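Peer 1: Structure of the sequence below:
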Amino acid sequence: MGGVPAQLVPDNPKVGVNRANWYEPGLNRTYLDLATHYGTAILPTRSRKPRDKAKVEVAVLVVERWILARLRNRRFFSLAELNRAIAELVTDLNTRPMRRLGVSRRDLFLELDCPVLKTLPAEPYEYAEWRPRRVGRDYHVDIDGHYYSVPYRLIREQLDARITERTIELFCKGERVAVHLRVGGRGRHTTIREHMQSAHRHYADWTIERIRADAAAIGPSTAKLTALILESRPHPEQGYRACIGILRLAHHYGAARLEAACSRGLDIGARSYGSIQSILKHGLDRRPPPQPTTQNELLPDHPNIPRLGPRPLPGIDCRPLDRGGAEFNHRRARRCRQELACLCPRPKSLPRQPLGAVSAHPTDVQRSRARSRRWPLSPPDTGPWRRQAVDPRRLGP
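Peer 2: As a prediction, the model looks like this:
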């Protein structure tokens, strides 16, 4: 068209009109932003009143007759091909003279509409999406999984986020409070230093590189301990405070004592600020480290004190049995059970149990014997399980 009309008279679709009202229609925020950029007014029609936009309804009928009907028997293999065919028919429709007026639609547009159109703005409209967002306790708002900062005084406030392809703008009651470049990456944070509290700005100056450099300046043990603390946490930022606290101990105790305390902490497996502080507080860094000893060295050599490790029973063959091979000897297994029975005699007060019984309680033994009489392991020769002789003649030839 080459210009902007003074007014737009659309229908009431939900994509453009949130609340249909003849006096005060509720327009979509993005739709209203488009009208504001081009300097035009949007006046929706009344609901269920097609005569308010009669020219639009007639235009739909004309397009169906002169464009859709002429393309109904053609087949297209790409969207670009379809668009080219539609553009050709639209040009033909606009240049075709109308029967009653004798002029084409294009001629009327150039004569009547084009002179009164407003000029286009210098920059084209950039599509923007508006979303309501609430500020979290860490003065950040979540937009597509990424967190953008706002001034900390707006914690728990309701904001309006204007999201474009390249920028994120945040408004509080119509006033823009923050602007960020749109960054990808879910779970990450984009923070402006001016949005932070004074205490948080102090911690923001500390980075992993600075912590490692300051620890290396004190000594290798301090550098190794801080590296272990940062690596042991799910996120390195969670170990900032512990490392900062350890490095600050050098102001009170000195770098030499802190290096000795970190060395002792590495020997005992200490990985916290409290452990290093306790070592310095009690002066353990000035004591020599304990020498590692084994339990065999601490115990005297005496026949009544057993040594560490497995010790075979006297007089018993404890060689492993190969139950899956052909060398398995049942006599050898029976002899081992007899030797074990001699070493661990059964108390005379308890009744004798069958081989394989687990419980030594008399009641359990009686139940086990009753169960074995009720369900014998092998059928007897009499009763319902009596063995019957088989006639050889029944077996066939």
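Peer 1: Do a quick rundown of the strands in the stretch 1-150 of the chain.
Peer 2: For the stretch 1-150 of the chain, the strands defined by DSSP state E, counting those that start in this stretch occupy 7-8, 17-19, 26-27, 41-42, 129-134, 140-143, 146-149.
Peer 1: Dump the ones you listed to TSV, plus mean pLDDT.
Peer 2: Below are the strands of the stretch 1-150 of the chain laid out as TSV (pLDDT from 0 to 100):
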stretch	mean pLDDT
strand 7-8	91
strand 17-19	91
strand 26-27	90
strand 41-42	92
strand 129-134	94
strand 140-143	92
strand 146-149	92
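Peer 1: out of those, deepest packed?
Peer 2: Highest mean neighbour count of those: strand 146-149, a mean of 20 (counted as mean count of other CB atoms under 10 Å). For the C-beta atoms, the positions are set from N, CA and C on the backbone; glycine is no exception.
Peer 1: Show me what that one pairs with in its sheet, parallel or antiparallel.
Peer 2: strand 140-143 (antiparallel), strand 189-190 (parallel) (DSSP bridges).
Peer 1: Put together CSV for those, with distance to R84 on each row.
Peer 2: Listed next are the strands paired with strand 146-149 as CSV, based on distance: least, CB to CB, whole Å:
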stretch, distance to R84
strand 140-143, 39
strand 189-190, 43
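Peer 1: Could you work out which of those strands reaches nearest to R100?
Peer 2: Comparing the strands paired with strand 146-149 against R100 with CB to CB, the closest turns out to be strand 140-143 (54.9 Å).
Peer 1: tally of neighbours for R248?
Peer 2: By other CB atoms under 10 Å, the residues close to R248 number 12.
Peer 1: helices or strands up against the helix or strand hosting it?
Peer 2: Element membership of R248, judged by DSSP states H and E, is helix 240-253. Here helix 240-253 touches helix 198-204, helix 208-218, helix 220-232, helix 255-268, helix 273-281, going by 3 or more CB pairs under 8 Å, 6 or more residues apart in numbering; DSSP states H and E.
Peer 1: which one of those has the lowest average pLDDT?
Peer 2: Looking at the helices and strands packed on helix 240-253, the lowest mean pLDDT belongs to helix 198-204 (a mean of 62).
Peer 1: Centre-most residue in this protein?
Peer 2: Closest to where the C-alpha atoms of the chain average out (CA atoms, centre = their mean) is G187, at 8.4 Å.
Peer 1: Just give the nearest non-adjacent residue to that one, would you?
Peer 2: Leaving aside its chain neighbours, G187 sits nearest to G145 (6.4 Å; criterion: CB to CB, 6 or more residues apart in numbering).
Peer 1: Near the closest residue to L249 other than its chain neighbours, how many other residues are there?
Peer 2: In space, L249 comes closest to L258 once its chain neighbours are excluded; the distance is 5.3 Å by CB to CB, 6+ apart. For L258, the number of neighbouring residues by other CB under 10 Å comes to 27.
Peer 1: and L258, what does it touch?
Peer 2: Counting by CB atoms under 8 Å, 6 or more residues apart in numbering, L258 touches I218, G219, T222, I246, L249, A250, I276, L280.
Peer 1: Find me the pLDDT at D322, would you?
Peer 2: Taking D322 on its own, its pLDDT is 49.
Peer 1: What's the separation between G245 and Q158?
Peer 2: In this view, G245 and Q158 are 38 Å apart by CB to CB, to the nearest Å.
Peer 1: Same question for V103.
Peer 2: As judged by CB to CB, V103 and Q158 stand 55 Å apart.
Peer 1: Next: A260.
Peer 2: Note on A260: its distance to Q158, by CB to CB, is 55 Å.
Peer 1: One more: V177?
Peer 2: Plainly put, V177 is 12 Å away from Q158 if you go by CB to CB.
Peer 1: Likewise for C172?
Peer 2: Separation of C172 from Q158 (CB to CB): 8 Å.
Peer 1: These two: which is more packed in?
Peer 2: Shown here are C172 and Q158; by other CB under 10 Å, C172 has more neighbours (17 against 11).
Peer 1: Can you classify the nearest residue to that one once chain neighbours are set aside by secondary structure?
Peer 2: Nearest residue to C172 in three dimensions, chain neighbours excluded: L159, at 5.3 Å (CB to CB, 6+ apart). Put simply, L159 is strand when judged by DSSP: H, G, I helix; E, B strand; the rest coil.
Peer 1: Can you name the residues bridging to L159?
Peer 2: Beta-bridge partners of L159, counted by DSSP bridges, are R133.
Peer 1: wait, it sits on L170?
Peer 2: Yes: with contact defined as CB atoms under 8 Å, L159 reaches L170; the gap is 5.1 Å.
Peer 1: Need the overlap of contacts for the two.
Peer 2: R133, V141, V150, V177.
Peer 1: Can you pull the domain assignment for the chain?
Peer 2: 7-116, 129-201, 206-286 (automatic domain parsing).
Peer 1: Switch those over to CSV; also include distance to A122.
Peer 2: Formatted as CSV, the domains of the chain follow (distance: least, CB to CB, whole Å):
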stretch, distance to A122
domain 7-116, 11
domain 129-201, 17
domain 206-286, 42
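Peer 1: can you tell me which residues contact the nearest residue to L154 once chain neighbours are set aside?
Peer 2: Spatial nearest neighbour of L154, chain neighbours left out: V135 (5.1 Å); criterion: CB to CB, 6+ apart. Contacts for V135 (CB under 8 Å, 6+ apart) come out as V141, V150, L154, I155, R156, E157, L159.
Peer 1: if I look at the residue nearest to C172, how far off is H37?
Peer 2: Distance of L159 to H37, computed by CB to CB: 22 Å.
Peer 1: Check what pLDDT A389 gets.
Peer 2: 48.
Peer 1: Over to R332?
Peer 2: According to the prediction, R332 has pLDDT 67.
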